[in-house]
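Asker: Below are the sequence and a predicted model for it; my questions follow.
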Amino acid sequence: MNTQRRNLLALPLALALPLARAHGDAHQGHGATADVVKEQKPWGIAGDAKDARRTLTIRMTDDMKLTPNHIEAREGETLRLRAVNAGAVMHEIVLGTREELQAHAELMKKHPGMQHEEPYMAHVPPGRQGDLVWNFNRAGDFEFACLIAGHFEAGMRGTIRVLPKQG
């Protein structure tokens, strides 16, 4: 194959690489970026950092613990979740419903190099921290977890209770 044709075939891949990240990549979260696509989810929508009045630090360790493992928020509240990786391996925080997190964890076991990033995720290398900013605009019970293959199954997850707005 000639060089010009090979370069043309490689161009789409080269353009896509900066946009796609795997769970294993050193990504720091999405909360501070202005170009986040806001999509309503059952557990809320991407928030604006300027609207976060509270920062909650979640510590992630290699014994597959998230501390704290329970968070409470008020409906309509925007929180900055600061994920601190105190371990020696990659960890992440992913928000969702129990069913969505379980399904995603199963996919990660089958495809550990799966490439994606969403505003409700923060991938954090060892010894680093990453923020995600989320508006909990729906009351209910939700979860957060590390979905790196094997971590979810080992119990690396927590709960989020979003209380209804006060009247």
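Answerer: Received the coordinates, thanks. Numbering: from 1, shown residues only.
Asker: By mean pLDDT, flag the weakest helix or strand of this protein.
Answerer: For the chain, the helix or strand with the lowest mean confidence is helix 3-16, at a mean of 39 (criterion: mean pLDDT, DSSP states H and E).
Asker: for the helix or strand following that helix, the distance to its chain's centre please.
Answerer: Later in the chain than helix 3-16, the nearest helix or strand by DSSP states H and E is strand 45-46. Relative to its parent chain, strand 45-46 has a centroid offset of 12 Å by CA atoms, centre = their mean, to the nearest Å.
Asker: Could you spell out the sheet neighbours of strand 45-46, each with its direction?
Answerer: Strand 45-46 pairs in its sheet with strand 129-136 (antiparallel), by DSSP bridges.
Asker: Run through who's touching the strand it pairs with.
Answerer: Taking contacts as CB atoms under 8 Å, 6 or more residues apart in numbering, the residues outside strand 129-136 that touch it are 27-32, 43-49, 51-52, 55, 73-85, 93, 95, 119-124, 160, 162. Quick note: C-beta positions are derived from backbone N, CA and C, even for glycine.
Asker: From those residues, list just the buried residues.
Answerer: Neighbour-count burial within those applies to 27-31, 43-47, 52, 73, 75-85, 93, 95, 119-124, 160, 162; the criterion is 16 or more other CB atoms under 10 Å.
Asker: Give me the subset of the contacts of strand 129-136 lying in strands.
Answerer: 45-46, 55, 73-74, 77-85, 93, 95, 121-124, 160, 162 (DSSP state E).
Asker: low-confidence ranges in the chain?
Answerer: For the chain, the stretches flagged by pLDDT under 70 are 1-35, 115.
Asker: let's see 90
Answerer: Across the chain, the ranges flagged by pLDDT under 90 are 1-37, 106-117, 149, 166-167.
Asker: Grab the most central residue of it for me.
Answerer: Nearest to the geometric centre of the chain sits M121, at 1.1 Å (CA atoms, centre = their mean).
Asker: give me every residue that touches the closest residue to that residue other than its chain neighbours.
Answerer: Counting by CB to CB, 6 or more residues apart in numbering, M121 lies nearest to V94, which is 4.8 Å off, once chain neighbours are set aside. Neighbour list for V94: L101, H104, E118, Y120, M121, F144, A145, C146, L147 [criterion: CB under 8 Å, 6+ apart].
Asker: one more time with 10 Å
Answerer: Contact criterion CB atoms under 10 Å, 6 or more residues apart in numbering gives 23, 100-101, 104-105, 108, 118, 120-123, 132, 143-148, 152, 157 as the residues in contact with V94.
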